[in-house]
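> One predicted model, sequence on top.
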Amino acid sequence: MNRYIDKFLSYLEIEKNYSRHTLLNYKLDLEEFLAFLDRTSLEQVDYLTLRRFLAHLRTRELRPRSLARKLSSIRSFFRFLQREGYRKDNPATLLMSPKLDRILPKFLSEGDMVKFIESPEGKTILGKRDRAILETLYSTGIRVSELVGLNTEDVDLIGNIAKVAGKGKKERLVPIGNKAIEAIKSYLDHRKDQSSCLFLNKNGTRLTDRGVRFIFQKYIQKASMTSKVSPHVLRHSFATHLLDRGADLRSIQELLGHVNLSTTQVYTHVSTDRLRKVYDQSHPRA
């Protein structure tokens, strides 16, 4: 079974351009399935085997989303095996995932966003870097993994455009506002290191996802924020504020780099202030 898992992971990496994080999750899920099978061969796995594995997972009291992800890994694996001719059938076809409640994204008000972004001191090089990071995340709505992957040549400081490598290594162009451009220029003008990486840590190497999250914790405390703020909260706030000010959902989808519009539609459920305003202005009995 191990060789089939290796072939599957290679397919996801080479053909589908999946990220290392996603590949690791698939690998762990399939290794857990392999351990459950013990000495059962690939040919002996049937629908009842998968049902027993599902029952095994339920005994661990996993969260519905974790359970759904593991089952998705199994289904993708057996689809691959059937398509490549390693199996004639797909026993996972009828395997049903648990129903998931839609989690509404958290976001900051425009006032809280300004307070948070302006919390870094602009006097030191690290303060300038941190201000540029927060401005860029909110201005573009990009993911933290996309932010730390930016190089200096990816950002057009005159045209206010950045080239971003998103999920599946798909590139897209995103606009950057003047506030973020000014913050980036100020940071680069005062930075002595001529590295091609846009954002550096204190050791002069590329900043990591973890480093950005550490920066967030620092300014959450400094800004006395009561709610938990993560890089993804800035992404959610970016989309919500655009929607509040009249941007259409298709444009927001393109800016966020979502493949499916259904992923972006979650933001229509969070702009209650906008809905109330539209209702008050439009309904004859409001």
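Great, that's in hand.
> In this structure, where's the longest helix?
Longest helix in the chain, counting residues (DSSP state H): helix 64-83.
> Quick one: mean pLDDT over it.
For helix 64-83, mean pLDDT is 92.
> starting at the chain centroid, how far to it?
When distances are taken as Cα atoms, centre = their mean, to the nearest Å, helix 64-83 is centred 20 Å away from the chain's centroid.
> looking at this structure, which helix or strand does the model trust least?
helix 272-282 (a mean of 70; mean pLDDT, DSSP states H and E).
> any low-confidence regions in the stretch 151-286 of the chain?
The model of the stretch 151-286 of the chain has pLDDT under 70 over residues 226-227, 268-275, 278, 286.
> 80 instead, please
The stretch 151-286 of the chain contains residues with pLDDT under 80 at 167-169, 223-228, 259-279, 281-283, 285-286.
> Show me where it has its helices.
178-190, 209-222, 231-244, 249-256, 261-264, 272-282 (DSSP state H, counting those that start in this stretch).
> Of those, which is nearest residue 145?
helix 209-222 (5.9 Å; Cβ to Cβ). Yep, even glycine has a C-beta here, placed from its N, CA and C like the rest.
> name the helices or strands packed onto the closest one?
Contacts defined by 3 or more Cβ pairs under 8 Å, 6 or more residues apart in numbering; DSSP states H and E place helix 209-222 against helix 125-140, helix 144-148, helix 231-244.
> any idea of the mean pLDDT in the longest one?
The predicted model gives helix 125-140 an average pLDDT of 95.
> Not counting its own residues, what contacts it?
Outside helix 125-140, the residues within contact range by Cβ atoms under 8 Å, 6 or more residues apart in numbering are 113, 116-122, 142, 144, 147, 162, 164, 174-177, 179-180, 183-184, 186-187, 190-191, 199-200, 202, 207, 212, 215, 218-219, 231, 234-235, 237-238, 255.
> Can you tell me how far the one residue sitting closest to the centre of the chain is from residue 42?
When the chain is reduced to its mean C-alpha position, the closest residue under Cα atoms, centre = their mean turns out to be residue 143, at 5.6 Å. With distances defined as Cβ to Cβ, to the nearest Å, the gap from residue 143 to residue 42 amounts to 36 Å.
> Likewise for residue 111?
Distance of residue 111 to residue 42, computed by Cβ to Cβ: 58 Å.
> what about the two, which has more around it?
residue 42 (14 against 8; other Cβ atoms under 10 Å).
> Give me the pLDDT for the more buried one.
In the predicted model, residue 42 carries a pLDDT score of 83.
> roughly how far apart are the closest residue to residue 117 other than its chain neighbours and residue 92?
Taking Cβ to Cβ, 6 or more residues apart in numbering as the measure, residue 117 lies nearest to residue 134, with 4.6 Å between them; neighbours along the chain are not counted. From residue 134 across to residue 92, the span is 43 Å (Cβ to Cβ).
> what's the burial count for the residue lying closest to residue 241 once chain neighbours are set aside?
The shortest distance from residue 241 to any residue that is not its chain neighbour, by Cβ to Cβ, 6+ apart, is 6.1 Å, and that residue is residue 110. A count of neighbours around residue 110, defined by other Cβ under 10 Å, yields 13.
> Would you mind stating the distance between residue 110 and residue 277?
In terms of Cβ to Cβ, residue 110 sits 14 Å off from residue 277.
> Same check on residue 260?
With distances defined as Cβ to Cβ, the gap from residue 260 to residue 277 amounts to 28 Å.
> do residue 108 as well
Relative to residue 277, residue 108 is positioned 19 Å away (criterion: Cβ to Cβ).
> Between the two, point out the one with more neighbours.
For residue 108 and residue 277, the more surrounded residue by other Cβ under 10 Å is residue 108, and the numbers stand at 21 against 12.
> Backbone dihedrals for that one, please?
Geometry field for residue 108 lists phi and psi as phi -100, psi 150, criterion degrees, to the nearest 10.
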